[in-house]
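[1] Give the three-dimensional model of this entry:
(one chain, ligands or ions: 2)
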Amino acid sequence: MPTSAAYQPEPRFADLGDEYGDPARPADFPAALLRRRNDRAAATVGLETLTDAEWTAHFGRFEPLPGQPGPIAMRYHGHQFRTYNPDLGDGRGFLAAQMRDDRGRLLDLGTKGSGQTPWSRAGDGRLTLKGGVREILAAEMLETLGVPTSRAFSLIETGEALQRGDEPSPTRSAVLVRLSHSHIRFGTFQRAAYLGRKDMVEALVEHARSLYHPDVAAGDVPGFLRAVVEASARLNASWIAAGFVHGVLNTDNLNVTGESFDYGPWRFLPSYEPGFTAAYFDHSGLYAFARQPEAVFWALTQLGGALKLVADAEPLTEALNAFGPAYIQELRAAFLARLGVLSLGEAADQRLLDATLALLREGGEALRWEPLFFDWFCGFASSARALGGPRGKLWQGETFDAFRFALFEHAPNRPERLEHPMFARPEPEEMLIDEVEAIWAAIEADDDWGPFEAKLHRLRESGETWALNAR
Ligand code: AMP
Ligand code: MG
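    Ligands and ions are numbered 1, 2, ... in the order given. Now for the predicted structure:
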């Protein structure tokens with residue numbers, strides 16, 4: 001079947017004109033093996049009714065979906081590890097389609113590994129199959145934990161042999177499609193400012209404001225920045241509560257909606273470690289776990305700098321200054337959500353945040369990140385389960401007592417969630433590197449997709465149980 005009645009194409013990027021992207025041609029791949037179709041995500045945009053053959057034609061060979069103008073490689077610049085690079089842009093991807101979802105949001109289908117574009121520089125425009133598998137695992141885990149994230153929509157293996165410095169090579173190739181709430185990056189604005197094009201900065205602000213932050217009044221540039229600041233603060237807080245390290249917080253990897261995307265060398269924390277770094281090429285730990293708020297704030301100041309072309313500095317600075325307070329507020333909310341308890345006012349919520357972090361810090365390697373939230377979900381309602389469970393002996397001592405005291409002050413939030421069989425299991429779902437490597441090893445060695453499929457199945461089940469998006 002073709003698209004369903006729920007499919008609402010709305011290709012708005014073209015509204016900006018032809019100075020923001022270039023028509024791109026997908027590579028002519030030797031194969032198109034459908035490895036993953038995300039029908040849950042597809043159902044939100046009316047594409048779950050496509051047959052596998054239609055799916056493969058649209059997301060492996062990139063025949064445009066109905067009502068779409070064809071692939072556009074987006075132009076952008078950005079700071080990479082704080083060095084400005086005016087040679088970025090979609091070098092191995094393009095915007096394939098835009099449509100409304102079932103909540104009325106404008107979403108993009110964007111590709112990764114679809115071939116070379118005018119912005120490929122020396123790159124081959126390709127994605128490794130392992131890279132595709134890793135992006136799916138990251139996005140699914142983040143969604144499970146209630147983090148605003150792009151979703152991995154499709155993965156098609158493309159039958160090429162790639163050479164990579166960071167994978168045993170030759171290695172298999174794939175093309176990924178992601179469904180994301182905008183690919184307009186901080187670096188998209190930086191490019192317009194770098195070119196000295198006040199008109200382009202203005203057009204971008206109006207475009208992004210009207211489509212993604214419609215509550216901000218037309219022409220209110222500081223208001224727009226403030227909306228991006230608040231969304232970014234929220235994203236950051238939810239990464240921290242998820243124990244997630246993105247790995248590459250360059251200004252071309254952060255977008256105007258505060259939804260995270262582009263998962264390369266990401267990791268989840270095994271246990272509390274502020275300096276935990278994900279990317280092997282991040283030698284100084286610039287994007288380490290606990291430095292992510294600082295990294296995103298720095299990136300926001302670059303966005304603010306670009307907006308200075310079209311607004312006064314003072315109100316822009318004020319908008320940027322909202323980041324710290326918004327981040328702390330969102331951090332309290334994110335930890336409350338993960339612990340499954342209701343707010344009791346700022347002071348009590350802060351005590352709980354502090355006590356949780358103190359416990360994680362003191363617990364060291366013995367106390368893994370996910371099990372703390374699993375054992376103590378909904379506070380005192382989990383007491384017997386936690387104390388009688390496999391980690392019972394961890395739950396003692398002064399720091400624990402302070403945590404328990406702060407936690408039990410707060411009422412459980414929707415404690416009926418504890419009735420799910422997931423909570424009768426000894427271990428929560430995690431996404432630590434050994435498991436990721438084991439999932440990949442089965443694919444690489446035996447073309448066995450079983451562990452990957454099984455993991456995604458368990459993540460979906462645990463996401464529905466946590467129901468963290470409903471907060
Ligand atoms: P990333 O670090 O993945 O966000 O990519 C940074 C920049 O490098 C972007 O402009 C990408 O499009 C580009 N890029 C990354 N890998 C490749 C590749 N294999 N071929 C062409 N361009 C690439
Ligand atoms: Mg990127």
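
[2] how close does the residue nearest to His410 when sequence neighbours are not counted get to His420?
    If the residues on either side of it in the chain are set aside, His410 comes closest to Val341, at 3.7 Å by Cβ to Cβ, 6 or more residues apart in numbering. To be clear about C-beta, it is placed using only N, CA and C from the backbone, and glycine gets the same treatment. Using Cβ to Cβ, to the nearest Å, we find Val341 at a distance of 17 Å from His420.

[3] of those two, who's got more company?
    Legend: neighbour count by other Cβ atoms under 10 Å for Val341 and His420, higher for Val341 (26 against 15).

[4] OK, contacts around the more buried one?
    Applying Cβ atoms under 8 Å, 6 or more residues apart in numbering to Val341 gives the contacts Leu352, Cys378, Gly379, Leu407, His410, Ala411, Pro412, Asn413.

[5] Just send these back as JSON lines, with distance to Arg92, secondary structure and neighbour count too.
    Below are the contacts of Val341 laid out as JSON lines (distance: Cβ to Cβ, whole Å; DSSP: H, G, I helix; E, B strand; the rest coil; neighbours: other Cβ atoms under 10 Å):
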{"residue": "Leu352", "distance to Arg92": "43", "secondary structure": "helix", "neighbour count": "25"}
{"residue": "Cys378", "distance to Arg92": "44", "secondary structure": "coil", "neighbour count": "23"}
{"residue": "Gly379", "distance to Arg92": "46", "secondary structure": "helix", "neighbour count": "23"}
{"residue": "Leu407", "distance to Arg92": "46", "secondary structure": "helix", "neighbour count": "23"}
{"residue": "His410", "distance to Arg92": "46", "secondary structure": "coil", "neighbour count": "21"}
{"residue": "Ala411", "distance to Arg92": "49", "secondary structure": "coil", "neighbour count": "14"}
{"residue": "Pro412", "distance to Arg92": "46", "secondary structure": "strand", "neighbour count": "20"}
{"residue": "Asn413", "distance to Arg92": "42", "secondary structure": "coil", "neighbour count": "20"}
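
[6] re the thing from before, give me the pLDDT value at the residue nearest to His410.
    You'll see Val341 listed with a pLDDT of 98.

[7] now Arg471
    Looking at Arg471, its pLDDT reads 43.

[8] Which positions in the stretch 351-471 of the chain make contact with ligand 2?
    Proximity of the stretch 351-471 of the chain to ligand 2 is not found for any residue under the rule Cβ under 5 Å from the ion.

[9] Please, which helix or strand holds Ala192?
    helix 186-194 (DSSP states H and E).

[10] quick one: average pLDDT of that helix?
    For helix 186-194, the mean per-residue pLDDT is 98.

[11] Which secondary structure elements does that helix sit against?
    Helix 186-194 makes packing contacts with strand 78-80, helix 198-212, helix 292-307 when contacts are defined by 3 or more Cβ pairs under 8 Å, 6 or more residues apart in numbering; DSSP states H and E.

[12] Let me have those in CSV, extended by mean pLDDT.
    Converted to CSV, those look like this (pLDDT from 0 to 100):
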stretch, mean pLDDT
strand 78-80, 98
helix 198-212, 98
helix 292-307, 98
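
[13] can you list the ones you listed in JSON lines and add distance to Arg458 and mean neighbour count?
    Shown next, in JSON lines, are the helices and strands packed on helix 186-194 (distance: least, Cβ to Cβ, whole Å; neighbours: other Cβ atoms under 10 Å):
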{"stretch": "strand 78-80", "distance to Arg458": "35", "mean neighbour count": "20"}
{"stretch": "helix 198-212", "distance to Arg458": "33", "mean neighbour count": "19"}
{"stretch": "helix 292-307", "distance to Arg458": "27", "mean neighbour count": "20"}
